[in-house]
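# Quick one, structure for this:
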Amino acid sequence: MFLQIFIGSLLLLVSIGVASLGYWIMEMLLGSAKEWLGRPPHRLKMFMVLAAVSTWILGQITIGVWLWALTFLGLGIFETLEPSVYFALVAFTTLGFGDILLPTEWRILGGMAAANGLLNFGLLTAVLIEGMRFARVQQRNEREKKP
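Predicted structure coming up:
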């Protein structure tokens, strides 16, 4: 049990670290595009920001799922990659079909993967909202500058 909690905690920390690093990079990229975002055409740029941030978020989620899947595989919980990735994705998204289960001695990791996914989706939703808000603020500030 304690080994599962230790491994799960490490995976949570790594996943949160990856998400935090991703947020920091996204913030730097948006900050460097501040002037460009403020200039018209605004709707097209909002679409581009939404598409870019959504794609970034998908990448972050993919990294989290692969982190868990490779851990399941490395621990020998699943024999092949496909069920390992499938279970990690189902757990991470908290979908929980229940068609593939972890062995009893590893089931705490399943709950920790679900908690990690729930936390990441919350953090990454905040990133999406912040990216859209940042772009909109730049556009509003540029409009207010014009006489």
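# Distance from the chain centre to the longest helix along the chain, please.
Secondary structure of the chain per DSSP state H: the longest helix is helix 107-145. Using Cα atoms, centre = their mean, to the nearest Å, the distance from the centre of helix 107-145 to the centre of the chain it belongs to is 9 Å.
# Could you list every helix and strand in contact with the helix or strand bottoming out on mean pLDDT in the chain?
Of all the helices and strands that make up the chain, the one with the lowest confidence by mean pLDDT, DSSP states H and E is helix 34-38; it has a mean of 85. Here helix 34-38 touches helix 42-74, helix 107-145, going by 3 or more Cβ pairs under 8 Å, 6 or more residues apart in numbering; DSSP states H and E. Any C-beta I mention is one placed from the backbone N, CA and C, and that applies to glycine too.
# tell me what the shortest one is packed against?
Meaning helix 42-74. By 3+ Cβ pairs under 8 Å, 6+ apart, helix 42-74 packs against helix 2-32, helix 34-38, helix 81-92, helix 107-145.
# can you give me the angle it makes with helix 81-92?
Relative orientation of helix 42-74 versus helix 81-92 (axes from the mean of the first three to the mean of the last three Cα atoms, to 10 degrees): 120 degrees.
# for helix 42-74, which positions count as buried?
In terms of neighbour count (16 or more other Cβ atoms under 10 Å), helix 42-74 has its buried residues at 42, 45-46, 49, 52-53, 56-57, 60-61, 64-69, 71-73.
# repeat for stretch 126-136
When neighbours are counted by 16+ other Cβ under 10 Å, the buried residues of stretch 126-136 are found to be 127-128, 131, 134-135.
# could I get those as JSON lines with distance to Leu101?
Output for the buried residues of stretch 126-136, formatted as JSON lines (distance: Cβ to Cβ, whole Å):
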{"residue": "Val127", "distance to Leu101": "32"}
{"residue": "Leu128", "distance to Leu101": "32"}
{"residue": "Gly131", "distance to Leu101": "37"}
{"residue": "Phe134", "distance to Leu101": "42"}
{"residue": "Ala135", "distance to Leu101": "43"}
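# Among the residues you listed, which one sits closest to Leu95?
Relative to Leu95, the closest of these is Leu128; by Cβ to Cβ it sits at 20.2 Å.
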